[in-house]
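Enquirer: with the sequence up front, the predicted model follows.
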Amino acid sequence: MKNNKEIAINIDKVSKRYFLRDSKEKKPFFALKEINLKIFKGEKVAVLGDNGAGKTTLLKLMTGIAEPTQGKIGRFGKVVSLIDITAGFHEEFSGRENIYLNGILLGMNIAKIKKLEQKIIDFSGIDKFIDQALYTYSSGMVLRLGFSIAINADPDILILDEGIIVGDQDFQKKAYDKVEEIFARGKTIVVCSHMLPLLSRLCDRFIWINDGKMVKDGGKEVLMEYKKSRNSLQLEKIPSNEHAVLFFDFLKTLPIGERFIAKASSGSMEPLILKGDEVLVEIASFSKLKKGDIIAFWSDELKNVVVHRFYKMEKGKIVTKGDNNLFADAGHVDTKNFLGILVEND
């Protein structure tokens, strides 16, 4: 791909080899093979590929988390990675002390960290525990703190992997909004995800990797070719409800505020909601929904209630998505098939 912009990342004949143990022998395995790639400043680049294709390895090499076996990588600007967002934390240090430790590792100076300290604490939502030792934190609290530090480091180049949104429902919404804001600010971004509708909207360049090798590099035509190549992948078969129409008609008669139990029919909201989990749905007003809400709606195709997250509003309809990147197909919800919003069980 030709571009007159300044280079942000230059990858020159890069390969990455690992050794796999097979009985007594160590067999070489190349996760990446002879990759040549230039990422230009300000580009929004999506890395496509099935599981095991080499996407995460490529991102780790870009950030410096891993080193290439062969070839060279040049980085021009401050790189921040949201691949391993808790790397560099010390469990004996307090949350506040870890802000400084992690911030320095991300290239910030003390004055910069001090200026951002309260903003990071507020965003993480763990201010009551910020001076407690990290080993007293839950895994979710540690992830929220790591995300808050990384996202406020103001990088020139941001590397995002599959699990870019972390934490509980409220924090996920804040995290999602922050990532959207960074995409809009003209930063260089490289993102790896199975959420193809999201990549289509946010990215302008697509790099397709398979078996450690470059397949295609270009615009949205690459995304379309990749989607066609995955047509053989089958979504989960969800049993239809024999009395679907009657059931849906009954649900639509329930007044605002009434609640009913639904069962998650797929794994699209994992790990927050597992397939088979019973969820409590409250009938709500369509007009009062907001981005980030987890909503329930009726799918005529699946003949079942579907639970998804409110992603965006488009032409009077809500576009939804699951939290699990392996189930990326968007849903479309309007007043006709909307049912309600998920609430906590009493």
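Expert: Yep, it's here. Numbers count the residues shown, from 1 in each chain.
Enquirer: tell me which helix or strand comes right after the lowest-mean-pLDDT helix or strand in the chain.
Expert: The least trusted helix or strand in the chain, going by mean pLDDT, DSSP states H and E, turns out to be helix 244-252, with a mean of 71. Moving toward the C-terminus from helix 244-252, the next helix or strand (DSSP states H and E) is strand 259-263.
Enquirer: what does the helix or strand following that following strand contact?
Expert: Once the chain leaves strand 259-263, the next helix or strand it forms, by DSSP H and E, is strand 278-283. Applying Cβ atoms under 8 Å, 6 or more residues apart in numbering, the contact partners of strand 278-283 are 254-264, 273, 296, 305, 307, 339-345. Quick note: C-beta positions are derived from backbone N, CA and C, even for glycine.
Enquirer: what pairs with strand 278-283, parallel or antiparallel?
Expert: Applying DSSP bridges, strand 278-283 is found paired with strand 259-263 (antiparallel), strand 338-343 (antiparallel).
Enquirer: pick the most deeply packed of those strands.
Expert: strand 338-343 (a mean of 20; mean count of other Cβ atoms under 10 Å).
Enquirer: and that one, what's its mean pLDDT?
Expert: Averaging pLDDT along strand 338-343 gives 88.
Enquirer: quick check: the gap between S265 and L274.
Expert: Between S265 and L274 the distance is 11 Å, computed by Cβ to Cβ, to the nearest Å.
Enquirer: give me the more crowded residue out of those two.
Expert: Taking other Cβ atoms under 10 Å, S265 and L274 do not tie; S265 has more neighbours (19 against 10).
Enquirer: the more buried one touches V306, doesn't it?
Expert: Yes: judged on Cβ atoms under 8 Å, S265 makes contact with V306 at a distance of 6.8 Å.
Enquirer: pLDDT score for D204?
Expert: Taking D204 on its own, its pLDDT is 90.
Enquirer: actually R144, sorry about that
Expert: For R144, pLDDT reads 87.
Enquirer: am I right that it is in a strand?
Expert: No: remark: R144 does not belong to a strand; assigned using DSSP: H, G, I helix; E, B strand; the rest coil, it is helix.
Enquirer: so how far is A53 from it?
Expert: 30 Å.
Enquirer: of these two, who's got more company?
Expert: R144 (25 against 21).
Enquirer: tell me if I'm right that that one and G125 touch.
Expert: Yes: between R144 and G125 there is a contact under Cβ under 8 Å: 6.4 Å.
Enquirer: shared neighbours of these two, anything?
Expert: Joint contacts of R144 and G125 (Cβ under 8 Å, 6+ apart) are F171.
Enquirer: where does the stretch 51-200 of the chain dip in pLDDT?
Expert: 162-170, 195, 197 (pLDDT under 70).
Enquirer: run through the strands of it in chain order.
Expert: All strands of the stretch 51-200 of the chain, identified by DSSP state E, counting those that start in this stretch, fall at 70-75, 79-82, 157-160, 188-192.
Enquirer: what pairs with the third one, parallel or antiparallel?
Expert: To tie it back to what came earlier, the one meant is strand 157-160. strand 79-82 (parallel), strand 188-192 (parallel).
Enquirer: mind giving me the domain split of this protein?
Expert: Using automatic domain parsing, the domain ranges for the chain come out as 7-229, 244-343.
Enquirer: off-centre distance for the longest one?
Expert: Centroid displacement of domain 7-229 relative to its chain, using Cα atoms, centre = their mean, to the nearest Å, is 10 Å.
Enquirer: in TSV, list the strands of the stretch 51-200 of the chain along with mean neighbour count and distance to I209.
Expert: Shown next, in TSV, are those (neighbours: other Cβ atoms under 10 Å; distance: least, Cβ to Cβ, whole Å):
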stretch	mean neighbour count	distance to I209
strand 70-75	14	15
strand 79-82	23	18
strand 157-160	24	15
strand 188-192	24	9
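Enquirer: any chance of TSV for those strands, columns distance to N98?
Expert: Shown next, in TSV, are the strands of the stretch 51-200 of the chain (distance: least, Cβ to Cβ, whole Å):
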stretch	distance to N98
strand 70-75	25
strand 79-82	16
strand 157-160	21
strand 188-192	25
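Enquirer: is it true that W298 touches F248?
Expert: Yes: W298 lies in contact with F248 (Cβ under 8 Å); the separation is 5.0 Å.
Enquirer: show me the contacts for the nearest residue to K173 once chain neighbours are set aside.
Expert: Spatial nearest neighbour of K173, chain neighbours left out: G292 (3.1 Å); criterion: Cβ to Cβ, 6 or more residues apart in numbering. Listed by Cβ under 8 Å, 6+ apart, the contact set of G292 reads Q169, Q172, K173, Y176, D177, R309, F310.
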